[in-house]
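K.L.:
Sequence and predicted structure below; questions after.
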Amino acid sequence: MGATDEPGSDAAALFGAHYASLSNHLAYLLGDRAAAEDVCQETFLRVLRHPPRDAADAGPWLRTIGRRLAFNHLRAERRRRAREERVWLDPAIGPASYGGRDLAAARDEAEALRGALARLGPRDRLALLLRSSGCGYAEIAAAISVRPGSVGTILARAARRLRAEYLEAAAEPPAPGGPSPVLPEGGLRPHDALP
């Protein structure tokens, strides 16, 4: 690339000249316009880090970088889907973990649990969610700005409040297809509590 008065002006010129065609090429490869734009942006970030030696041959060079990044994206998506499928089929955390209840009932319970969590104070909600995600007392204490020795008491009180909120909502006659009045067995699980 030639020397110019402003740093990055060659990259800006490449971007202007090639963005639309590269983005369309990547959209064709990926079948997803948003993913194509993300990969296209990553391609141009690489251009900023490692500019081409000859700007005249930049088009094919950009397509090669973009194509490789697109294939990396597709591989990553395939791995993500495989992980999600393994989780879905895992009897410990997938639909089978709901003890034979149908998935609709489990979703209703999760929605009721989210509603009960939303009615808690921010400190209680954060403490419970962090603990259910596997955080230790020291991490929870730092996140909610208390001493580690206070975390156990805060968690116990928050769990009682959560149960009371959940059962209070369940005491009201549920709408047809509404949430179940029972907390999920085993208590709060991270995938139940998060929206």
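P.N.:
Yep, that arrived.
K.L.:
hey, where'd the strands end up in the chain?
P.N.:
Along the chain, counting by DSSP state E, no stretch forms strands.
K.L.:
In it, where is pLDDT below threshold?
P.N.:
Across the chain, the ranges flagged by pLDDT under 70 are 1-9, 55, 90-103, 172-195.
K.L.:
for it, longest helix please?
P.N.:
In the chain, taking DSSP state H as the definition, the longest helix is helix 58-89.
K.L.:
residue ranges of the helices in the chain, please?
P.N.:
Secondary structure of the chain (DSSP H): helices at 9-30, 33-49, 58-89, 103-119, 122-132, 137-144, 151-171, 190-193.
K.L.:
got a markdown table for these, with mean neighbour count too?
P.N.:
In short, each C-beta sits where N, CA and C put it, glycine included. Shown next, in a markdown table, are the helices of the chain (neighbours: other CB atoms under 10 Å):
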| stretch | mean neighbour count |
| --- | --- |
| helix 9-30 | 16 |
| helix 33-49 | 17 |
| helix 58-89 | 14 |
| helix 103-119 | 17 |
| helix 122-132 | 19 |
| helix 137-144 | 16 |
| helix 151-171 | 16 |
| helix 190-193 | 16 |
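K.L.:
Identify the residues contacting Arg123.
P.N.:
Ile144, Ile154, Ala158 (CB atoms under 8 Å, 6 or more residues apart in numbering).
K.L.:
Distance-wise, check it relative to Leu130.
P.N.:
Arg123 sits 11 Å away from Leu130, going by CB to CB, to the nearest Å.
K.L.:
same check, this time on Gly31
P.N.:
As judged by CB to CB, Gly31 and Leu130 stand 38 Å apart.
K.L.:
repeat for Tyr28
P.N.:
Distance of Tyr28 to Leu130, computed by CB to CB: 44 Å.
K.L.:
quick one, what contacts the nearest residue to Ser150 once chain neighbours are set aside?
P.N.:
Closest residue in space to Ser150, ignoring its immediate chain neighbours: Ala141 at 7.1 Å, by CB to CB, 6 or more residues apart in numbering. Counting by CB under 8 Å, 6+ apart, Ala141 makes contact with Arg147, Pro148, Ser150, Val151.
K.L.:
Buried ones only from those residues, please, as a ChimeraX command.
P.N.:
Buried residues among the contacts of Ala141 (16 or more other CB atoms under 10 Å), as a ChimeraX selection:
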select :151
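K.L.:
which among the contacts of Ala141 gets closest to Arg79?
P.N.:
Nearest to Arg79 out of the contacts of Ala141 is Val151 (CB to CB; 35.9 Å).
K.L.:
what sits against the spatially closest residue to that closest one that is not a sequence neighbour?
P.N.:
Here the nearest residue to Val151 in space, its sequence neighbours aside, is Tyr137; by CB to CB, 6+ apart that works out to 4.2 Å. Applying CB under 8 Å, 6+ apart, we find Tyr137 in contact with Pro148, Val151, Gly152.
K.L.:
Understood, closing this out.
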